[in-house]
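Undergrad: A predicted structure for the sequence below; I have some questions about it.
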Amino acid sequence: MDVMCPICDTVESIDNDSPLAKKLRNRRKHLYLCQACHDRIEKNTLKRHATGQFNLYEEKKEEDPYLS
Ligand SMILES: [Zn+2]
């Protein structure tokens, strides 16, 4: 079956009998992501987590008593 990546509109063919194809047929809301976007999102998520920890540290440092 053909699946389209909602992020970059890449159409990829996946095996009709693969577990992923069955999942996509059964659950229409399940989004298919091409490998490139999947990798990118995974990297961004990891980066965001790292940034989030950094921000948390920065916020603590710059705590303003007049704003709380
Ligand atoms: Zn994609």
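TA: Received the coordinates, thanks.

Undergrad: Could you report the separation of Leu20 from Glu42?
TA: 17 Å (C-beta to C-beta, to the nearest Å). C-beta coordinates here come from the backbone N, C-alpha and C atoms, glycine included.

Undergrad: Do any residues in stretch 34-52 lie close to the ion?
TA: Yes: using C-beta under 5 Å from the ion, stretch 34-52 comes into contact with the ion via Cys34, Cys37.

Undergrad: What residues sit buried inside that stretch?
TA: Cys34, Cys37 (16 or more other C-beta atoms under 10 Å).

Undergrad: mind saving the C-alpha coords of it as PDB?
TA: Output in PDB follows, covering the C-alpha atoms of stretch 34-52 (Å, rounded to 0.1, in the frame of the first residue of the first chain):
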ATOM      1  CA  CYS A  34       8.900   8.500   6.500                       C
ATOM      2  CA  GLN A  35      12.200   7.500   7.900                       C
ATOM      3  CA  ALA A  36      13.800  10.900   7.200                       C
ATOM      4  CA  CYS A  37      11.100  12.800   9.200                       C
ATOM      5  CA  HIS A  38      11.100  10.100  11.900                       C
ATOM      6  CA  ASP A  39      14.800  10.600  12.400                       C
ATOM      7  CA  ARG A  40      14.500  14.300  12.300                       C
ATOM      8  CA  ILE A  41      11.700  14.400  14.900                       C
ATOM      9  CA  GLU A  42      13.600  12.000  17.100                       C
ATOM     10  CA  LYS A  43      16.600  14.300  17.000                       C
ATOM     11  CA  ASN A  44      14.500  17.400  17.600                       C
ATOM     12  CA  THR A  45      12.800  15.700  20.600                       C
ATOM     13  CA  LEU A  46      16.200  14.800  22.100                       C
ATOM     14  CA  LYS A  47      17.500  18.300  21.400                       C
ATOM     15  CA  ARG A  48      14.400  19.800  23.000                       C
ATOM     16  CA  HIS A  49      14.800  17.700  26.000                       C
ATOM     17  CA  ALA A  50      18.400  18.800  26.400                       C
ATOM     18  CA  THR A  51      17.400  22.400  25.800                       C
ATOM     19  CA  GLY A  52      14.500  22.100  28.300                       C
END
